[in-house]
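J.: Predicted coordinates and the sequence they were generated for:
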Amino acid sequence: MNAVTETRWELGGEFHSPVETPRPFHPWPKPAVWYALGRHAVEDLVAMLRPRALWLPDYFCHEVAVGWERLVPVKTYEDDPRWDEPRWETLRPGAGDLVLAVNYFGAREGAGWEELREGSGFVLVDDHSHDPFSPWAVGSGADYAFSSLRKTLPVPDGAILWSPRGLDLPPQPRETADGSELKLAAMLLKGRYLAGGGGDGALKDRFRSLQLAGEAQLAGTSVAAASPASREAVIAGAPLPWRSLRSDNAVQLLGALSELELAEPAFDEWPAGAAPLGVVLVFRSEELRERVREHLREAGVYCPVHWPIERPVSERVRDLQARVLTIPTDWRYSAVDMERVAVLLREAETRG
């Protein structure tokens, strides 16, 4: 099902279901442990390895970081999606510490991490949630790597943990998480809505209510397994054509926005074979970002902010999260959709 239909057009927001999954598939790493959420993978590693500290980049999802702080002391190092690599001098882990390396938006190469780890004694964990099959992910030499699959695939929950170095993994959880069935119901209703159902919008209200309720339940769950619905949906692997389309759409949109003055891309190139999560724009001010975001929302374009941050952070991080906006370019959309979004952004600029 395409995002453009005779009666409904939306861009962004959570995935719908059912969808056709084109071949060929990229197989998942084996052996692996399947979780409901990506954060569960790190929580299980903390329980298994008992590190003294967990090192996170200072630009990171607030909700997840706060949850991990309840389990292990969290320290931060300086990193930013606008940079090619972290500021290595700010990362000083001790032996046995867990260090999380993040492939922001799937657009990085990961250079420098393995060299840093050699002889250091810390445990390196890659976060490939924004692209589980990037060149960095596929060629990783980290101790462990994980990916939250619902960021890129139409599943109500799901994450995978593997060890590129073949180290022991935690046991597979048996119980699934509360909330995944509500998320699945929301995906099915959204599919009906996009196909033209729902009349005056009552159907949209229903699937949005289910999305929020399901997300709240998932967020409060302890370590759990991926639901049977999610495992069945992706058991064969991830469709390779979806990654190619995501990358092509990003190139298309960036090209269409080359003259845009109200914002600049956080990055406009990526390694060969990568497929960025979307086009990430950094606006001139928070006020401008919010005005443009509302303009897009009124036109049916729903853009996430990566990430709202409430914990104490540096002025650089606070400033970035206040001005950043991610434009979805995933496999649900076409070049025509990208041009439509570009027109909306140019309209916002024209309006001042």
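T.: Sure, I can see it. Residues are numbered from 1 along each chain as shown.

J.: where does the stretch 1-150 of the chain dip in pLDDT?
T.: 1-7 (pLDDT under 70).

J.: which residue ranges form the helices in it?
T.: Here the stretch 1-150 of the chain has its helices, by DSSP state H, counting those that start in this stretch, at 38-49, 62-69, 113-117, 135-138.

J.: ok, Asp127 to Thr90 distance?
T.: 18 Å (CB to CB, to the nearest Å). (Glycine included, C-beta is placed from N, CA and C.)

J.: Out of these two, name the residue with the larger neighbour count.
T.: Set side by side, Asp127 and Thr90 show more neighbours around Asp127, with 24 against 14, by other CB atoms under 10 Å.

J.: Any idea how many residues pack against the residue lying closest to that one once chain neighbours are set aside?
T.: Leaving out its chain neighbours, the residue that sits closest to Asp127 by CB to CB, 6 or more residues apart in numbering is Val102, at 4.6 Å. By other CB under 10 Å, the residues close to Val102 number 21.

J.: wait, doesn't Val102 sit right on Asp58?
T.: No - between Val102 and Asp58 there is no contact under CB atoms under 8 Å: 10.8 Å.

J.: shared neighbours, those two?
T.: Asp79 (CB atoms under 8 Å, 6 or more residues apart in numbering).

J.: Would you map the strands across the protein?
T.: Under the criterion DSSP state E, strands of the chain are mapped to 11-12, 25-26, 33-35, 54-57, 74-77, 98-102, 123-127, 144-148, 159-162, 238-239, 263-265, 278-283, 301-302, 324-328.

J.: what inclination does the last one have with respect to strand 278-283?
T.: In this case it means strand 324-328. Between the axis of strand 324-328 and that of strand 278-283 there is an angle of 150 degrees, by axes from the mean of the first three to the mean of the last three CA atoms, to 10 degrees.

J.: Alpha carbons of strand 324-328, in CSV - could you do that?
T.: Provided in CSV are the C-alpha atoms of strand 324-328 (Å, rounded to 0.1, in the frame of the first residue of the first chain):
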residue,chain,number,x,y,z
VAL,A,324,16.3,19.7,14.7
LEU,A,325,13.6,17.9,12.8
THR,A,326,13.6,14.6,10.9
ILE,A,327,11.7,14.3,7.6
PRO,A,328,10.8,10.7,6.9
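
J.: For that strand, name the packing helices and strands.
T.: strand 11-12, strand 278-283, helix 286-298 (3 or more CB pairs under 8 Å, 6 or more residues apart in numbering; DSSP states H and E).

J.: Perfect, that will be all.
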